[in-house]
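> Turn this into a model:
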Amino acid sequence: MKQLGDAEILLNLMPTLSNALPRWKRFFFTLGLAFILIGMANPQIGTKYEEVKREGFELMICLDVSNSMLAEDLTPNRLERAKQAISRLVDRLKNDKIGVVVFAGEAYIQLPMTVDHSAAKLFLRSIDTDIVPTQGTAIGKAIELAMGSFSANSKANKSIIVITDGENHEDDALEQAAAAAELGIKVHTIGIGSVDGAPIPTYVRGQMLGYRKDRTGNTVVTKLNETMLQQVAAAGEGTYVRANNSKTGLNALMDELEGMQREEFESKMFTSYEDRFQYFIAVALLLLLVEVLLPSRKLKVFGGFNLFKAKNK
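Next up, the predicted model:
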């Protein structure tokens, strides 16, 4: 203004000019923006307690991974068909716990009892016939291991589902199933395969080289031992279902399991912080509203000016 002329004369020519109002507008806008950024960070102050209860049942899947499960009388083969069925079963679970035991000549826990169904599917994909080095079909060991895998002191209903072709039965499966029934654990069985049987293919690096042969050079044919699986289910007070290419039997068993009474097996107290972002956003909106309503020039009603009026000295 000094470069344009006499400052006092220019101020009289611009009575609405204000140096303070634009500064206040910038102040309110900057402060409002700062409160928006703080609100977006979602500050959490104070605590609240939430009790989370889970109701459901506990289910252990005993899956046969012996070489006979590679037979292709079910599409694509017995093992993959069983894994697909278990994956669909996991999708139907709610707050229920699930665990997986794999067995051949020995039994191992592949997945401990968990409510993390995504983890169950992840572990399921890694199962193949090489996961257990000893060949055979140790159903009794699998049932015994599954019995000890349930949550201690849990009040939830418990069940075991054995998925196998039942061949090469070599241990006390009937005794273990009866022992499980005495503890209130039902043992269900699903027969994978056909009674007529199928040869067992051999693969090297994904390429099929032929079929397994016995010591005399004859092709080994693996057949479903349906009678034995029916006996195991009867001893375990469970149900036997035979799987084929059109159905796997798990849906029928799941309908039965879902009919069981779900009981509360877990109750935990969670501490969480209360969100306070809304207060900062509210203050930010108020500050921005003030910035919008605040004029950048003096209002004429407050100007009290008289254009070209000489200033008294």
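
> Below-threshold pLDDT in this structure: ranges please.
Judged by pLDDT under 70, the chain has its weakly predicted residues at 46-54, 168-171, 245-250, 259-272, 299-313.

> Would you state the strands of the chain in chain order?
44-56, 58-64, 97-103, 107-114, 158-164, 185-191, 198-199, 201-204, 207-211, 221-222, 240-242, 263-275 (DSSP state E).

> The ones you listed into TSV, with extra columns for distance to residue 17 and mean neighbour count?
Where C-beta positions appear, they are placed from N, C-alpha and C, glycine not excepted. Formatted as TSV, those follow (distance: least, Cβ to Cβ, whole Å; neighbours: other Cβ atoms under 10 Å):
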stretch	distance to residue 17	mean neighbour count
strand 44-56	44	11
strand 58-64	79	26
strand 97-103	75	25
strand 107-114	72	18
strand 158-164	84	27
strand 185-191	88	27
strand 198-199	97	20
strand 201-204	89	12
strand 207-211	89	10
strand 221-222	98	20
strand 240-242	90	20
strand 263-275	45	12
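
> Reformat those as JSON lines; add distance to residue 149.
Output for those, formatted as JSON lines (distance: least, Cβ to Cβ, whole Å):
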{"stretch": "strand 44-56", "distance to residue 149": "16"}
{"stretch": "strand 58-64", "distance to residue 149": "6"}
{"stretch": "strand 97-103", "distance to residue 149": "5"}
{"stretch": "strand 107-114", "distance to residue 149": "6"}
{"stretch": "strand 158-164", "distance to residue 149": "9"}
{"stretch": "strand 185-191", "distance to residue 149": "11"}
{"stretch": "strand 198-199", "distance to residue 149": "32"}
{"stretch": "strand 201-204", "distance to residue 149": "31"}
{"stretch": "strand 207-211", "distance to residue 149": "35"}
{"stretch": "strand 221-222", "distance to residue 149": "28"}
{"stretch": "strand 240-242", "distance to residue 149": "22"}
{"stretch": "strand 263-275", "distance to residue 149": "15"}
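
> Any idea which of the ones you listed gets closest to residue 133?
Within the strands of the chain, the stretch nearest residue 133 is strand 107-114; the backing value is 10.1 Å (Cβ to Cβ).

> isn't residue 10 right up against residue 3?
No. Between residue 10 and residue 3 there is no contact, the gap being 10.3 Å when judged by Cβ atoms under 8 Å.

> Which one's more surrounded, these two?
residue 10 (13 against 5; other Cβ atoms under 10 Å).

> quick check: longest helix of the protein.
helix 20-40 (DSSP state H).

> Counting by contacts, list what that helix packs against.
Helix 20-40 sits against helix 277-293, with contacts defined as 3 or more Cβ pairs under 8 Å, 6 or more residues apart in numbering; DSSP states H and E.

> Compute the inter-axis angle for the helix it packs on and helix 20-40.
Between helix 277-293 and helix 20-40, the angle comes out at 160 degrees (axes from the mean of the first three to the mean of the last three Cα atoms, to 10 degrees).

> Identify all contacting residues around helix 277-293.
For helix 277-293, the surrounding residues in contact (Cβ atoms under 8 Å, 6 or more residues apart in numbering) are 25, 28-29, 31-36, 38-43.

> before we move on, what about stretch 238-247?
With Cβ under 8 Å, 6+ apart, stretch 238-247 has contacts from 74-75, 81-82, 85, 159-160, 177, 186-194, 224, 226, 229-230, 232-234, 249-250, 252-253, 256.

> buried sites along it?
By 16 or more other Cβ atoms under 10 Å, the buried positions in stretch 238-247 come out as 238-243.

> Restrict that stretch to CA atoms and write it as CSV.
Extracted C-alpha coordinates of stretch 238-247, given in CSV (Å, rounded to 0.1, in the frame of the first residue of the first chain):
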residue,chain,number,x,y,z
GLY,A,238,-22.4,-93.7,15.1
THR,A,239,-23.5,-93.8,11.5
TYR,A,240,-21.9,-95.4,8.5
VAL,A,241,-22.2,-93.8,5.1
ARG,A,242,-20.8,-95.0,1.8
ALA,A,243,-19.4,-92.4,-0.5
ASN,A,244,-19.6,-92.5,-4.3
ASN,A,245,-19.1,-90.1,-7.2
SER,A,246,-22.5,-88.5,-6.7
LYS,A,247,-22.2,-88.0,-2.9
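
> change the start of the numbering to 7 and stick with it
Happy to do that; since the first residue is 7 now, the last one works out to stretch 244-253.

> measure residue 70 to residue 249 for me?
Using Cβ to Cβ, to the nearest Å, residue 70 is found at 12 Å from residue 249.

> Give me the neighbour count for residue 150.
For residue 150, using other Cβ under 10 Å, the count is 21.
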